[in-house]
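Asks: could you work out the structure for the sequence below:
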Amino acid sequence: MGRSAFAALSRATARAAVKSAGAIFRRIGGSAVHPDWSNRAARCERCPLRVVSGTASYCGRPFHHQPSRDVTDGCGCPTREKARDPGEHCPLTVLNQPATVRAGRCDCKWCA
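Replies: Numbering: from 1, shown residues only. Now for the predicted structure:
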């Protein structure tokens, strides 16, 4: 593995660790939960990117199984925790195309 690949993997792993810590903090009531998280999670359960691993549902393959990915692979986060986070967005549009932000407006499944 080259230096740039290792650096990219290290950054991705650090982001995943921060997201995981945020999810734990949210579960114990330490931070905000999106008010419509249950509907967001329900949309994830019907998504073509959804993968079930063990007892959890993920946005794409779990991050630890596929640390290198693009938007069409999903983010690898557990869907329920992703849906609870007010700062998260779905990686896809309602047409299952990569979501974008234009002029401050997101066109993901959750925002559209």
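Asks: list the contacts for residue 70?
Replies: If a contact means C-beta atoms under 8 Å, 6 or more residues apart in numbering, then residue 70 has no contacts. No exception for glycine: its C-beta is placed from N, CA and C like everyone else's.
Asks: phi first, then psi, for it.
Replies: phi -120, psi -180 (degrees, to the nearest 10).
Asks: one more: residue 58?
Replies: Per degrees, to the nearest 10, the backbone of residue 58 is at phi -120, psi 160.
Asks: in contact with the residue nearest to residue 100 when sequence neighbours are not counted, which residues?
Replies: Using C-beta to C-beta, 6 or more residues apart in numbering and skipping residues adjacent in sequence, the residue nearest residue 100 is residue 107, 5.9 Å away. Going by C-beta under 8 Å, 6+ apart, residue 107 touches 93, 99, 100, 101.
Asks: just send those residues back as CSV, with pLDDT too.
Replies: As requested, the contacts of residue 107 are exported to CSV (pLDDT from 0 to 100):
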residue, pLDDT
93, 94
99, 93
100, 94
101, 93
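Asks: now, of the residues you listed, which are buried?
Replies: 93, 99 (16 or more other C-beta atoms under 10 Å).
Asks: where in the protein is pLDDT low?
Replies: Across the chain, the ranges flagged by pLDDT under 70 are 1-31.
Asks: hey, where'd the helices end up in it?
Replies: Taking DSSP state H, the helices of the chain run over residues 3-27, 37-45, 79-84.
Asks: what's near enough to touch residue 62?
Replies: Contacts here follow C-beta under 8 Å, 6+ apart; on that basis residue 62 touches 51, 53, 56, 76, 78.
Asks: I'd say the first one and residue 63 touch.
Replies: No - Residue 51 is beyond contact range of residue 63, at 11.1 Å (criterion: C-beta atoms under 8 Å).
Asks: neighbour count: the two, which is higher?
Replies: residue 63 (22 against 17; other C-beta atoms under 10 Å).
Asks: could you report the neighbour count for the nearest residue to residue 59 once chain neighbours are set aside?
Replies: Closest residue to residue 59 apart from its sequence neighbours, by C-beta to C-beta, 6+ apart: residue 74 at 3.9 Å. Residues near residue 74, counting by other C-beta under 10 Å, number 26.
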